[in-house]
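Peer 1: Fold the following and give me the result.
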Amino acid sequence: MDDKAFFRAVAERSGLSRQEAADLTRATLETLALRLSDGEVRDLTPELPASLRDSLQWGKGEMKIFGPDASIRRVCQRTGLTAPEATRGVRAVLSTLQEAVSAKEFAHAMSQLGKEYAQLLEPTG
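Peer 2: Take a look at the predicted model:
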């Protein structure tokens, strides 16, 4: 999946414009990167579209622990979206990420994020 397809999928899922979806995607990946180990970031990065890799690299360093609500607040601050828009958007990014990367890497990332983040996933099927 290239970046345009990624942004289009996020826009369709979230109801946001493509530009908002692009900004939201980058902000979500930057926020999630803070929650992932350097090893997981290293494994996940090559599976992303090239233009999104920097967003995941942004948070490298010491892992920080915070829940989905704090993630959504961080995305709101970075994008200017409302909390409901950011919540829909984070859900859309996670669901699109699940389609864009291998099942193994997605499962590893989600295991580090925790079950609270898994609840943000849109039901598939």
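
Peer 1: in this structure, which ranges drop under the pLDDT threshold?
Peer 2: Low-confidence segments of the chain (pLDDT under 70): 58-62, 122-125.

Peer 1: now the helices for it?
Peer 2: Along the chain, the segments classed as helices by DSSP state H run 3-14, 18-35, 38-44, 53-57, 68-79, 83-100, 103-113, 115-118.

Peer 1: Switch those helices over to CSV; also include mean neighbour count.
Peer 2: From N, CA and C alone the C-beta is placed, and that goes for glycine too. Listed next are those as CSV, based on neighbours: other CB atoms under 10 Å:
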stretch, mean neighbour count
helix 3-14, 19
helix 18-35, 22
helix 38-44, 17
helix 53-57, 17
helix 68-79, 18
helix 83-100, 21
helix 103-113, 15
helix 115-118, 12
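
Peer 1: Identify all contacting residues around stretch 35-42.
Peer 2: Contacts to stretch 35-42, defined as CB atoms under 8 Å, 6 or more residues apart in numbering, come from residues 33, 44, 56-57, 59-61, 63-66, 71, 108-109, 112-113.

Peer 1: How about stretch 2-17?
Peer 2: Contacts of stretch 2-17 (CB under 8 Å, 6+ apart): 1, 18, 20-22, 24-25, 49-52, 81, 85, 88-89, 91-93, 95-96, 99-100, 122.

Peer 1: now swap in stretch 112-125 and tell me
Peer 2: The list of residues contacting stretch 112-125 from outside it, by CB under 8 Å, 6+ apart, reads 13, 32, 35-37, 40, 67-68, 71, 87, 90-92, 94-95, 98, 110.

Peer 1: where's Arg78 relative to Glu20, distance?
Peer 2: Per CB to CB, to the nearest Å, Arg78 is found 12 Å from Glu20.

Peer 1: just Phe6 next, same as before
Peer 2: Separation of Phe6 from Glu20 (CB to CB): 14 Å.
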